[in-house]
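Trainee: Quick one, fold the following:
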Amino acid sequence: MRRARGEPGWLRGEPPPRWARLAPVLALLVLVLAQRATPGDVELGYFLAGLPPVAAFAYGAAGTAFFAALVLVLLGVPGIGVAHAQGADLATVAAVGLLSVVIAWVRRRRDAQLVSVRTVAEAAQLAVLPPLPGRVGPVRCAGLYRAAQRGTLIGGDLYDVRAGPYGVRALVGDVQGHGLAAVATVAALLGAFREAVLDDAELAAVAARLDRRLLADARAASVEHPELFATAVLLEFPPGLDLVRIVSCGHPPVLLLRGTAVEELAVVPGPPIGLGLGLAGPGPPVAAEVPVRPGDRLLLHTDGVTEARDAAGRFYPLADRVPAAEADPAGLVLAVWRDLVAFTGGGPRDDVALLVLSLDGPPQPSGDAGPATT
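Mentor: Residues are numbered from 1 along each chain as shown. Down below sits the predicted model:
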């Protein structure tokens with residue numbers, strides 16, 4: 001099971017760490033040795049009554065019952081020389097042990113249910129946004145996604161790379177809102193994009209299809225969410241051509257990394273527009289054509305990257321800090337993320353999506369196969 005960022009596995013229903021299972025054993029040994037090393041008029045053995053509740057956090061009902069019984073033996077048998085409890089004291093220790101066993105049993109059941117629920121949730125999220133392959137047709141690709149909402153794999157950002165009859169196409173988008181509330185919109189956009197890769201001959205038509213999807217969903221939405229909005233950038237590597245076509249709908253500019261040089265591709269003149277506002281209103285989007293060479297890398301990102309701030313409130317200057325000398329797409333993505341975490345002192349608080357695309361070798365016709373998970 002994939003672990004959510006910053007969340008210990010043992011709080012998510014996974015087996016507790018080794019130190020948690022060793023804690024009651026070590027505490028037992030320390031208390032017994034301490035009692036034997038202290039004068040007879042100092043009673044430390046009664047601290048043993050706290051061991052069953054501690055064991056309940058790391059062991060099941062049987063393990064907790066063993067600790068409870070062991071404590072009763074140590075306290076109830078005078079010849080052992082740890083402590084000697086009688087009557088009401090032993091009854092109290094037994095009650096604490098019994099309650100600890102019940103707690104351990106309930107915890108194990110809750111952990112099993114939590115694992116089942118999270119497994120289903122993560123499978124559903126991975127079905128919406130599957131991992132990228134290392135290559136789609138002639139294009140090498142690497143992506144990184146970090147959701148702002150703790151315990152989730154996806155939020156309001158999205159990306160995908162697909163091969164179709166018109167070449168390899170990529171999408172990076174950022175929908176209104178973040179967290180689980182935006183997942184339905186993300187799923188709708190990705191579904192429309194994957195259909196358009198196979199059906200629409202023009203990249204502008206792909207953007208128009210995504211826009212119609214959001215408009216249709218907004219009309220069907222409740223009054224609490226009357227408008228759905230997203231920014232997006234679409235890329236297309238046509239078969240047999242040394243260029244990339246780009247359509248941007250209000251999205252942060254794509255960075256072209258050529259050697260150690262970094263260039264922002266400002267491909268849409270005039271005021272930016274976004275998906276969900278009706279592309280036919282201000283005019284249909286125009287696909288810009290940018291020449292590319294083998295080895296060039298295109299870095300796409302969402303505003304969760306460039307709007308991340310450091311302790312002084314300064315925005316992250318991606319174009320100035322990107323390690324352009326890194327030729328491997330996967331290495332470039334990780335290097336940008338590590339630098340972003342260091343810059344912000346722990347990571348941004350918004351959804352973050354990074355996608356690097358590189359034309360590896362001479363362009364060649366691409367097939368219809370979609371991405372496979374790695």
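Trainee: Now that residue 134 has come up, it's in contact with residue 330, right?
Mentor: Yes: assessed by Cβ atoms under 8 Å, residue 134 is found in contact with residue 330 at 7.3 Å. Bear in mind the C-beta positions are built from the backbone N, C-alpha and C, glycine included.
Trainee: Neighbour count for these two, which is higher?
Mentor: residue 330 (16 against 13; other Cβ atoms under 10 Å).
Trainee: what helix or strand does residue 155 sit in?
Mentor: Applying DSSP states H and E as the criterion places residue 155 outside every helix and strand.
Trainee: Hmm, I typed the wrong one, I wanted residue 140.
Mentor: Applying DSSP H and E as the criterion places residue 140 in strand 139-146.
Trainee: tell me what that strand is packed against?
Mentor: Applying 3 or more Cβ pairs under 8 Å, 6 or more residues apart in numbering; DSSP states H and E, we find strand 139-146 packed against strand 157-164, strand 167-175, helix 329-344, strand 352-359.
Trainee: Okay, angle between the second one and strand 352-359 too, please.
Mentor: To tie it back to what came earlier, the one meant is strand 167-175. Between strand 167-175 and strand 352-359, the angle comes out at 170 degrees (axes from the mean of the first three to the mean of the last three Cα atoms, to 10 degrees).
Trainee: In its sheet, which strands sit next to strand 167-175, and in what direction?
Mentor: Paired strands of strand 167-175, with direction, are strand 157-164 (antiparallel), strand 230-237 (antiparallel) (DSSP bridges).
Trainee: now the ones you listed as TSV including mean neighbour count and mean pLDDT?
Mentor: Below are these laid out as TSV (neighbours: other Cβ atoms under 10 Å; pLDDT from 0 to 100):
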stretch	mean neighbour count	mean pLDDT
strand 157-164	24	93
strand 230-237	26	92
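Trainee: could you dump those to TSV with distance to residue 150?
Mentor: As requested, the strands paired with strand 167-175 are arranged in TSV below (distance: least, Cβ to Cβ, whole Å):
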stretch	distance to residue 150
strand 157-164	16
strand 230-237	23
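Trainee: Residue 343 is nearest to which of those?
Mentor: Residue 343 lies closest, by Cβ to Cβ, to one member of the strands paired with strand 167-175: strand 157-164, at 18.8 Å.
Trainee: Now that closest one - C-alpha only, CSV.
Mentor: C-alpha atoms of strand 157-164 as CSV (Å, rounded to 0.1, in the frame of the first residue of the first chain):
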residue,chain,number,x,y,z
ASP,A,157,-4.2,18.8,-10.3
LEU,A,158,-3.9,16.3,-13.2
TYR,A,159,-1.6,15.1,-15.9
ASP,A,160,-1.6,12.4,-18.5
VAL,A,161,0.4,11.3,-21.6
ARG,A,162,-1.2,9.2,-24.3
ALA,A,163,-0.3,8.0,-27.8
GLY,A,164,-2.9,8.0,-30.6
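Trainee: can you give me how far that strand is from the chain middle?
Mentor: 17 Å (Cα atoms, centre = their mean, to the nearest Å).
Trainee: on that earlier part again, overlap of the contact sets of residue 134 and residue 330?
Mentor: residue 142 (Cβ atoms under 8 Å, 6 or more residues apart in numbering).
Trainee: Name the stretch among the helices and strands packed on strand 139-146 that sits most buried.
Mentor: Greatest average neighbour count among these goes to strand 167-175 (a mean of 27), per mean count of other Cβ atoms under 10 Å.
Trainee: Just after it, pick out the following helix or strand.
Mentor: Moving toward the C-terminus from strand 167-175, the next helix or strand (DSSP H and E) is helix 183-199.
Trainee: who does that next one touch, helix- and strand-wise?
Mentor: helix 88-128, strand 157-164, strand 167-175, helix 203-220, strand 230-237.
Trainee: gap between residue 112 and residue 200?
Mentor: Computed with Cβ to Cβ, to the nearest Å, the distance linking residue 112 and residue 200 is 46 Å.
Trainee: now, of the helices and strands packed on helix 183-199, which is deepest in the fold?
Mentor: Mean neighbours per residue, mean count of other Cβ under 10 Å, is largest over the helices and strands packed on helix 183-199 for strand 167-175, with a mean of 27.
Trainee: picking that back up, so can I have JSON lines of the helices and strands packed on helix 183-199 showing distance to residue 56?
Mentor: As requested, the helices and strands packed on helix 183-199 are exported to JSON lines (distance: least, Cβ to Cβ, whole Å):
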{"stretch": "helix 88-128", "distance to residue 56": "4"}
{"stretch": "strand 157-164", "distance to residue 56": "40"}
{"stretch": "strand 167-175", "distance to residue 56": "43"}
{"stretch": "helix 203-220", "distance to residue 56": "47"}
{"stretch": "strand 230-237", "distance to residue 56": "47"}
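Trainee: between the ones you listed, which gets nearest to residue 263?
Mentor: Closest to residue 263 of the helices and strands packed on helix 183-199 is strand 230-237 (Cβ to Cβ; 15.2 Å).
Trainee: how much does the closest one deviate in direction from helix 203-220?
Mentor: Angle between the axes of strand 230-237 and helix 203-220 is 150 degrees (criterion: the same axes, to 10 degrees).
Trainee: which stretch among the helices and strands packed on strand 139-146 comes nearest residue 19?
Mentor: Residue 19 lies closest to helix 329-344 among the helices and strands packed on strand 139-146, at 26.3 Å (Cβ to Cβ).
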